[in-house]
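Visitor: Sequence first, then the predicted structure:
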Amino acid sequence: MKKGWQTKTLGDVCAFDKAQGIHRGLPYVGLEHIESHTARFIGSTDPKPVKSSTFRFSDGHVLYGRLRPYLNKALAPDFEGHCSTEIFPLKPSRELTREFLLYWLLADETCERINATSTGARMPRAQMNEVMEFDFPLPPLSEQQRIVGLLDEAFEGLATAKANAEKNLQNARALFESHLQSVFTQRGKGWVEKKLEDIADADCSLSYGIVQPGEEFDEGMPIVRPTDLTTKVIDLSGLKRIDPKLAGGYKRTALQGGELLLCVRGSTGVVSIAAPELAGANVTRGIVPIRFNRSLLVPEFGFYLISGGPVQSQIREKTYGTALMQINIRDLRLISLSIPPLKEQKAIAANLDALHEETQRLARLYERKHAALEALKRSLLHQAFTGEL
C-alpha cells in the first residue's frame, strides 16, 4: 500500500441508501439508462413516475447496477431523481470523493469481485451487503483528486481516439454504400430487367433449407444458419454439424460451394457467399441458396446485386410478420433485378471488391485500436487503485 493510503471497507467510506418509496416529479434512472463501462447517462432528465417502489438519490450519490447481465454499470448523476431497485445509491463520506468511488467501481478487479457475490440462476444479482465489506483503498483527498484528474484527462483522450477511429470507419462504410447505390440507380446501356427465378441456374430450385436440423452431431454434415451470415464469405469454421440423414429430404438445398446464401427469416435480406469448402453442406429453413446461370450473371456481381438498395427495398416490401419476419419463396422468385452485360458485371464487381476490402481493412484496424484502448483503460484503472498512477 502506498504511503499515506489506508485500507477500509467500502461500508466505512460510503452509505448504502436503500430506503424505498413511490417518488413523483423526479427523473427516473433504469439500468437501460446507464451505458456499460463508460459511466455515461443515456436517459432523460424529464420527470417520470414509476408505479412500483424505487430508490431516491441526489447529485451526491453514485449509482451502481446489481443485476449482473448489466456489467460495469455505474453513474455519478448531476441531478436528483429516483432509480430502479436493481440500482443501488451509494453516498460517499467526506473522506471519499464520488469520482474516485465511481472509477473504483468501473475497474475490472472490482467488477470481478462483485460478480463473485452474485446469486440466482436466471437473473444473477450482486449481494451488496457482501460488497460493502470489500476492502477499499483510500488515499488522502488531495491524492484522490490528483488521480481522478489524471484518469479524466486520459479517458477523454481515449474517447477522442476511439471516436476518430469510428468516424473513419463510418466514412468508409458510407462511401461504399454510396457507390453501391449509384451502381444500381445509374444504369447504363445494355442493362436488362430479369426476375430472380429467370436468372437462377437450372439446378437451383430457390428453396428453403432444413426445417428441423436437430442436435449437434459429431463429425456430421455442416449446416449454415441465419446467425452464421456475419461475413461476406462463410467457411466451415464455427458451423453446426448435424446428422446427415436429416438432409435426405432437402437435396435441393445441398451446397456445391459458391452459392449466395440469402436470409429469408429474421434478418431478411442479409446475404453471404458459401466458400468452396462447403460443397456437400446444407442450410436451415431461414436460408435460400442461390446459384446463378453464369451465362447471364457472374456470382461475384450477384453478391453486390442482391446487397444493393433496389433489391433490398423489394425484400423489405415483401417481408411480413411481427414476432418473426420472413419472406415467401413465391415473392422471392419474382424479385426484379437489373443486370448489365457480363463484361461490365466483372468490372463493377472488381471495383466494389476493392472498396469492400478497404472498408474491411478499416474495420479490422478499428477493432484492433478499440481493443488496445480498452486494454489501456483497464491498465490505468489498475494502476490508479494500487498506488502506481
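Guide: Yes, it's here.

Visitor: Every contact and neighbour count from this point should use C-alpha atoms.
Guide: Will do.

Visitor: For stretch 50-62, the averaged confidence score.
Guide: Along stretch 50-62, the predicted local confidence has a mean pLDDT of 92.

Visitor: Give me the distance from that stretch to the chain's centre.
Guide: In terms of CA atoms, centre = their mean, to the nearest Å, the gap separating the centre of stretch 50-62 from the centre of its chain is 30 Å.

Visitor: and that stretch, which residues are buried?
Guide: Along stretch 50-62, these residues count as buried under the neighbour rule (16 or more other CA atoms under 10 Å): 54-58, 60-62.

Visitor: and of those residues, the nearest to E357?
Guide: Each of the buried residues of stretch 50-62 was scored against E357 by CA to CA, and V62 proved nearest at 44.9 Å.

Visitor: May I have the phi/psi pair for the residue lying closest to the closest one once chain neighbours are set aside?
Guide: Once its chain neighbours are removed from consideration, V62 has its nearest residue in A76; the separation is 4.7 Å (CA to CA, 6 or more residues apart in numbering). Main-chain dihedrals, A76, degrees, to the nearest 10: phi -110, psi 90.

Visitor: What separation is there between A76 and E193?
Guide: Spatial separation of A76 from E193 under the definition CA to CA, to the nearest Å is 59 Å.

Visitor: Quick check: the two most widely separated of the buried residues of stretch 50-62?
Guide: Across those, the longest distance by CA to CA is 17.4 Å; it joins T54 and G60.

Visitor: still on that earlier bit, inside strands: which ones of the buried residues of stretch 50-62?
Guide: Residues from those lying in strands, with DSSP state E as the criterion: 54-57, 62.

Visitor: In stretch 11-29, which residues are buried?
Guide: Using 16+ other CA under 10 Å as the burial criterion, the residues of stretch 11-29 that qualify are 11-14, 16, 23, 26-29.

Visitor: swap in stretch 352-360?
Guide: By neighbour count on 16+ other CA under 10 Å, the buried set for stretch 352-360 is 352-353, 355-356, 358-359.

Visitor: Report the mean confidence score over that stretch.
Guide: Model confidence over stretch 352-360 averages 87 on the pLDDT scale.

Visitor: And for stretch 87-95?
Guide: Computed over stretch 87-95, the average pLDDT equals 94.

Visitor: Next, the residues that contact it from outside, please.
Guide: The set of residues that contact stretch 87-95 without belonging to it, under CA atoms under 8 Å, 6 or more residues apart in numbering, is 13-18, 30-31, 55-57, 60-67, 98, 101, 140-141.

Visitor: quick one: the helices in this structure?
Guide: 10-13, 98-106, 108-115, 128-131, 141-185, 196-199, 299-307, 309-318, 329-333, 342-384 (DSSP state H).

Visitor: okay, the buried residues of stretch 11-29 in a markdown table with pLDDT and distance to G249 next?
Guide: What follows is these, written out as a markdown table (pLDDT from 0 to 100; distance: CA to CA, whole Å):
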| residue | pLDDT | distance to G249 |
| --- | --- | --- |
| G11 | 94 | 65 |
| D12 | 95 | 68 |
| V13 | 96 | 68 |
| C14 | 94 | 66 |
| F16 | 87 | 62 |
| H23 | 88 | 61 |
| L26 | 92 | 61 |
| P27 | 94 | 58 |
| Y28 | 94 | 55 |
| V29 | 94 | 53 |
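
Visitor: domains for this protein, by residue range?
Guide: Taking automatic domain parsing as the reference, the chain has its domains at 6-139, 192-339.

Visitor: residues near Q127, how many?
Guide: Other residues lying near Q127 total 16 when counted by other CA atoms under 10 Å.

Visitor: which sections of the stretch 251-389 of the chain are below the confidence cut-off?
Guide: Using pLDDT under 70 as the threshold, the predicted model of the stretch 251-389 of the chain has no low-confidence range.

Visitor: Would you confirm that Y366 contacts K167?
Guide: No - judged on CA atoms under 8 Å, Y366 makes no contact with K167 at a distance of 9.7 Å.

Visitor: Which of these two has more residues huddled nearby?
Guide: A count of neighbours by other CA under 10 Å puts Y366 above the other of Y366 and K167, at 20 against 13.

Visitor: ok, now which ones touch that one?
Guide: Applying CA under 8 Å, 6+ apart to Y366 gives the contacts 165-166, 169.

Visitor: do the same with E300
Guide: Under the criterion of CA under 8 Å, 6+ apart, the contact list for E300 reads 346, 349.

Visitor: Can you tell me which of the buried residues of stretch 11-29 is nearest L342?
Guide: After measuring those against L342 - CA to CA - the closest member comes out as V29, at 57.9 Å.
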